[in-house]
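# Sequence isn't available, so here's the structure alone:
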């Protein structure tokens, strides 16, 4: 946690408090899957992670092809929660919000009927 | 086994092929795998699929100037590197030289959730990046079926795989996809539906406690290929597939002769010995001097050529010591690196192992003369048909390389030869028989030539002696002295 602190601070304005959650969304260009995933994660950030000051970055694999191998990506879109640990990854357009929230540690496991 | 054959097999259009560099495989497939297309290699667990793929990449990178990408779904890069190190493949060096990329996707070990729709475009990007970064021409996907276990949406995987194979073809990649053998189908997930160009089946079975691996080209669109099952081995130099024989008998024939090492015996063959590249069988009872005679052959050939001596009953030091007693200094040639003696017991391995060891030894030492002493023990480790096939392969292999083969066999009387021995002897071009004769209070050794294809040879039975100066054929006296050559 302390290791991340300074780097985040340097990137953001000094008055902004440290980010409590670090998310990376890997997409492949502007496909409908990509657009949906981006919209979904943004709305989750806005509605559920606001207090944590989420650090969300969207990585276009087409522009950064090497990052696919470096981050063990095979499906797109892929969301990786890098922080706080343990990290986790979710593949898909994130349209099943319950599952995403659960994976991020923000909600109890979704009931089968809902899922 | 579904025997699907593409109906429009054309022979005329030459199909571009990518040599695998795997011993024997390129012979069966008349040049290698279909270039720029995908080949499915399937088989049960432990049948050598991964190794097949690795060797294809390594040989391509080393010898054909075609860099390769390995995408492994089951094994880690360390495991892959370790596994092929024993075969002398240094993957780390290849990676350093930008000739190979080892990429692993440990799907089963990775935890992830699924939420909503996805595709495998990430995999495409990843592969594309690997391919571009080293200019890869070859790719192996091992074992891509793992995706089916790791991801829940089977429909997506199927359509993405179909797209992947198209994509590889469009990128002109010579690819291998491995698949686990399924019940009643070639692969568990029916990968054969997607790969239509070439399908190779590997098999590993145990018969009478002897394990044999077999390979079969099930399908090869647009190309002729051997359809038989071919035994293959994973040896010290990688995979070796053993084509049974070339279908035709068309070896280059030599007029050149090689000496038997016994001047009087050379005379019996018209002066100079036997044809180079021919197969010579030396038979005889116990203690008739078969090993001594072939040692003469060896000694004569060692004066300038490499000789490979397979000893199945005696160890190398023992042969060297024994032959010293008849004045043959084989140790000298061993030290000079011209004579290679390989001792092993035939019963230790299966027939196929022997064949592979044999091929490998010949390819390593490049001999001009090969000796197998004796072949009897072989006759006990397989059926007549198998043994005949084994010898046929060996003989063919050597003939195609103009290597002379000398075999010894323990037979007291030619008439009493067993079926198998007869089978083997029919492959011999020249047959020399040695025997002991008890006569007049002493035993005499005698020798005669049963047959020698294509050359005039003596029909006489000659007495010979063995002394510290080697084998010596006694002079013929009387009316037989002249005109003792008869042509065939």
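That came through fine. Since the model is a prediction, treat every value here as computed from it, not as a measurement.
# Need the phi and psi values for residue 103.
Let's take chain A. Main-chain torsions, residue A:103, degrees, to the nearest 10: phi -60, psi -30.
# To what extent is the closest residue to it other than its chain neighbours buried, counted in neighbours?
Leaving out its chain neighbours, the residue that sits closest to residue A:103 by Cβ to Cβ, 6 or more residues apart in numbering or on different chains is residue B:113, at 4.5 Å. All C-beta spots, glycine's among them, are computed from the backbone N, C-alpha and C. A count of neighbours around residue B:113, defined by other Cβ atoms under 10 Å in any protein chain shown, yields 17.
# Confirm for me that residue B:113 is in contact with residue A:96.
No: at 9.0 Å, residue B:113 does not count as touching residue A:96 under the criterion of Cβ atoms under 8 Å.
# In the helix or strand where residue B:58 lies, which residues are buried?
Element membership for residue B:58, per DSSP states H and E: helix B:49-63. Within helix B:49-63, the residues that qualify as buried are B:49-62, counting by 16 or more other Cβ atoms under 10 Å in any protein chain shown.
# Export those as a markdown table, with columns for distance to residue B:470 and pLDDT.
Below are the buried residues of helix B:49-63 laid out as a markdown table (distance: Cβ to Cβ, whole Å; pLDDT from 0 to 100):
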| residue | distance to residue B:470 | pLDDT |
| --- | --- | --- |
| B:49 | 53 | 90 |
| B:50 | 53 | 90 |
| B:51 | 48 | 90 |
| B:52 | 50 | 91 |
| B:53 | 53 | 93 |
| B:54 | 50 | 92 |
| B:55 | 46 | 92 |
| B:56 | 50 | 94 |
| B:57 | 53 | 94 |
| B:58 | 48 | 94 |
| B:59 | 46 | 93 |
| B:60 | 51 | 93 |
| B:61 | 51 | 93 |
| B:62 | 46 | 92 |
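# sorry, back to before: contact partners for the residue nearest to residue A:103?
Residues counted as contacts of residue B:113 (Cβ atoms under 8 Å, 6 or more residues apart in numbering or on different chains) are A:88-91, A:99-100, A:102-103.
# Please compare the residues you listed by their distance to residue B:254 and name the closest.
The closest of those to residue B:254 turns out to be residue A:91 (Cβ to Cβ; 66.3 Å).
# And for that closest one, the neighbour number?
Residues within reach of residue A:91, counting by other Cβ under 10 Å, total 27.
# Surely it touches residue A:78?
Yes: counting by Cβ under 8 Å, residue A:91 does reach residue A:78; the two are 5.0 Å apart.
# Find residues that contact each of these two.
B:112, B:118.
# What residues does the stretch 101-250 of chain B have near chain A?
By Cβ under 8 Å from any Cβ of the partner chain, the residues of the stretch 101-250 of chain B that approach chain A are B:103, B:105-107, B:110-123, B:125-126, B:128-130, B:132-133, B:151.
# coming back round to it: so what sits opposite the residue nearest to residue A:103 in the bridge?
residue A:90 (DSSP bridges).
# pLDDT below threshold where in the stretch 201-350 of chain B?
The stretch 201-350 of chain B contains residues with pLDDT under 70 at B:207-211, B:243-251, B:347-350.
# At which residues are the helices of it located?
In the stretch 201-350 of chain B, helices defined by DSSP state H, counting those that start in this stretch lie at B:263-268, B:290-301, B:316-324, B:330-336, listed in chain order.
# Close to chain B: what parts of chain A are there?
Close to chain B, as judged by Cβ under 8 Å from any Cβ, chain A has residues A:26, A:28, A:31, A:33, A:36-37, A:40, A:61-62, A:65-66, A:68-69, A:72-78, A:88-97, A:99-100, A:102-103.
# Buried ones among those residues?
Here, 16+ other Cβ under 10 Å leaves A:26, A:28, A:33, A:36-37, A:40, A:61-62, A:65, A:68-69, A:72-78, A:88-94, A:96-97, A:99-100, A:102-103 buried among the residues of chain A next to chain B.
# Now, the residues you listed that are in helices?
Judged by DSSP state H, helices contain the following of those: A:33, A:36-37, A:40, A:68-69, A:97, A:99-100, A:102-103.
# how about these, which pair is most distant?
Comparing all pairs in these by Cβ to Cβ, the longest separation belongs to A:69 and A:97, at 29.7 Å.
# Which segments of chain B make up each domain?
B:17-241, B:257-486 (automatic domain parsing).
# Distance to residue A:49 for the ones you listed - can I get that in JSON lines?
Formatted as JSON lines, the domains of chain B follow (distance: least, Cβ to Cβ, whole Å):
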{"stretch": "domain B:17-241", "distance to residue A:49": "16"}
{"stretch": "domain B:257-486", "distance to residue A:49": "63"}
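# of the ones in helices among the buried ones among the residues of chain A next to chain B, closest to residue B:95?
For these, the minimum distance to residue B:95 (Cβ to Cβ) is 13.2 Å, reached by residue A:69.
# That closest one and residue B:126 touch, don't they?
Yes: Residue A:69 sits in contact with residue B:126 when judged by Cβ under 8 Å, with a separation of 5.2 Å.
# if we can go back for a sec, taking the residues of the stretch 101-250 of chain B next to chain A one by one, which sit in helices?
The helices, defined by DSSP H, take in B:121-123, B:125-126, B:128-130, B:132-133 from these.
# got CSV for those residues, with pLDDT too?
Putting these into CSV (pLDDT from 0 to 100) gives the following:
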residue, pLDDT
B:121, 93
B:122, 92
B:123, 93
B:125, 94
B:126, 93
B:128, 94
B:129, 94
B:130, 94
B:132, 94
B:133, 93
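# Any of these buried? List them.
Burial by neighbour count, 16+ other Cβ under 10 Å: within these this picks out B:121-123, B:125-126, B:128-130.
# Tell me where the stretch 351-488 of chain B has strands.
All strands of the stretch 351-488 of chain B, identified by DSSP state E, counting those that start in this stretch, fall at B:369-373, B:404-410, B:430-439, B:442-452, B:457-458, B:462-467, B:470-473, B:485-486.
# In terms of mean pLDDT, which of those ranks lowest?
Mean pLDDT is lowest for strand B:485-486 among the strands of the stretch 351-488 of chain B, at a mean of 48.
# gap between residue B:135 and residue B:67?
Note on residue B:135: its distance to residue B:67, by Cβ to Cβ, to the nearest Å, is 6 Å.
# wait, I meant residue B:25
Residue B:25 is 20 Å from residue B:67, where distance means Cβ to Cβ.
# who's in contact with the residue lying closest to residue B:260 once chain neighbours are set aside?
Leaving aside its chain neighbours, residue B:260 sits nearest to residue B:273 (5.0 Å; criterion: Cβ to Cβ, 6+ apart). For residue B:273, the contact set (Cβ under 8 Å, 6+ apart) comprises B:257-260, B:265-266, B:300.
# switch to 6 Å and redo it
Contact analysis of residue B:273 by Cβ atoms under 6 Å, 6 or more residues apart in numbering or on different chains lists B:257-260, B:266.
# Alright, that wraps it up for me.
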